[in-house]
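# Quick one: sequence and predicted model below, then my questions.
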Amino acid sequence: MVGKLITFEGPDGAGKTSALMAVIPLLKAKCNQDIIVTREPGGNPIAEKIRNVILDVENIAMDNRTEALLYAAARRQHIVEKIAPALADNKIVICDRFVDSSIAYQGAGRGIGEDAVAQMNLFATNGLTPDLTLYLDVPSEVGLQRIKRNRQNQYDRLDQEKLIFHKKVRQAYLQLAQDNPKRIQTIDATQDLTTVVDQCRQVIEQRYPDLFIV
Ligand SMILES: Nc1ncnc2c1ncn2[C@@H]1O[C@H](COP(=O)(O)OP(=O)(O)OP(=O)(O)O)[C@@H](O)[C@H]1O
Ligand SMILES: Cc1cn([C@H]2C[C@H](O)[C@@H](COP(=O)(O)O)O2)c(=O)[nH]c1=O
């Protein structure tokens, strides 16, 4: 594969989607390669259907390992249908969440174990790993407060989890960032959105100076 896979990660309410949507036009304006934007779980029709099942607030009976397997299944379909062909076509794929989310949420948050979830995802990804990950870090209280303030009518099954769950997720992300300092760049997402967007842009442009016309 010759393109680049760049992922955005972070706890719920960190501002990943907002930052990603704002940074894409800035990158596209300067980039000499095609950029596609996608998300997990989802990104193609089958994976979006799996997303709806996972996040449905009515599915309170869902077993933790079932949840982990569904995220991995959605990921597999997403990679096969969308990510791998785009990378083979030399595109830059920017993805809202990827395997790190499973390690943090299912591995740590649900308590399945980070190593077990990483192993399970190896089967789904066949070893595909992001070239660069932007981890938008916020304390769990801040992320949840943002969602409560602005998105209360769109609470999904994961958003509804207790604070302790979200704190475990954040700790796992911080550990992942510490263990993978070259791949994962941490951005303080408590800053205002303009600053966060500017820092995301700088990290990507500085990592790949050949791709951007400065
Ligand atoms: N830097 C910021 N400062 C204050 N509010 C922000 C900031 N970034 C995003 N928000 C607001 O926080 C809320 C959550 O943002 P967003 O949906 O982008 O987060 P997210 O990380 O994608 O969340 P989730 O993973 O739960 O979908 C939105 O209402 C957004 O307007
Ligand atoms: C990919 C992935 C996601 N999750 C969680 C994280 C969020 O709570 C939801 C996805 O919704 P968002 O609008 O994209 O934030 O799912 C997870 O637990 N495991 C995963 O692998």
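On my side now, so go ahead. Ligands and ions are numbered 1, 2, ... in the order given.

# any weak-confidence spans in the protein?
The model of the chain has pLDDT under 70 over residues 1, 152-153, 214.

# Around ligand 1, which positions in it sit nearby?
10, 12-18, 146-147, 150-151, 189, 192-193, 196 (CB under 6 Å from any ligand atom). Where C-beta positions appear, they are placed from N, C-alpha and C, glycine not excepted.

# what about burial for the residues you listed, which qualify?
The neighbour-count criterion (16 or more other CB atoms under 10 Å) marks 10, 12-16, 18, 146, 189, 196 among the residues of the chain next to ligand 1 as buried.

# Grab the longest helix from the chain for me.
Taking DSSP state H as the criterion, the chain has its longest helix at helix 163-179.

# what about it and ligand 2, any contact?
No: against ligand 2, helix 163-179 shows no contacts by CB under 6 Å from any ligand atom, the least distance being 7.9 Å.

# Next secondary structure after that helix?
Following helix 163-179 in sequence order, the next helix or strand is strand 184-188 (DSSP states H and E).

# which parts of that next one are buried?
184-187.

# Close to ligand 2: what parts of the protein are there?
Going by CB under 6 Å from any ligand atom, the residues of the chain near ligand 2 are 12, 39-41, 71, 96-97, 101-102, 105-106, 158-159.

# wait, which of those residues is closest to R207?
R207 lies nearest to D96 out of those, by CB to CB, at 18.2 Å.

# contacting residues around the residue nearest to the closest one when sequence neighbours are not counted?
Residue nearest to D96 in three dimensions, not counting chain neighbours: R39, with 3.9 Å by CB to CB, 6 or more residues apart in numbering. By CB atoms under 8 Å, 6 or more residues apart in numbering, the contact list for R39 reads 17, 95-97.

# ok so, going back, for the longest helix of the chain, which positions count as buried?
Buried-residue list, helix 163-179, by 16+ other CB under 10 Å: 165-170, 172-173, 176-177.

# Residues in contact with that helix: which ones?
With contacts defined as CB under 8 Å, 6+ apart, helix 163-179 is touched by 9-12, 100, 103-105, 107-111, 114, 135, 137-141, 143-144, 184, 186.

# and the contacts of R39, which are buried?
Buried members of the contacts of R39, counted by 16+ other CB under 10 Å: 95-97.
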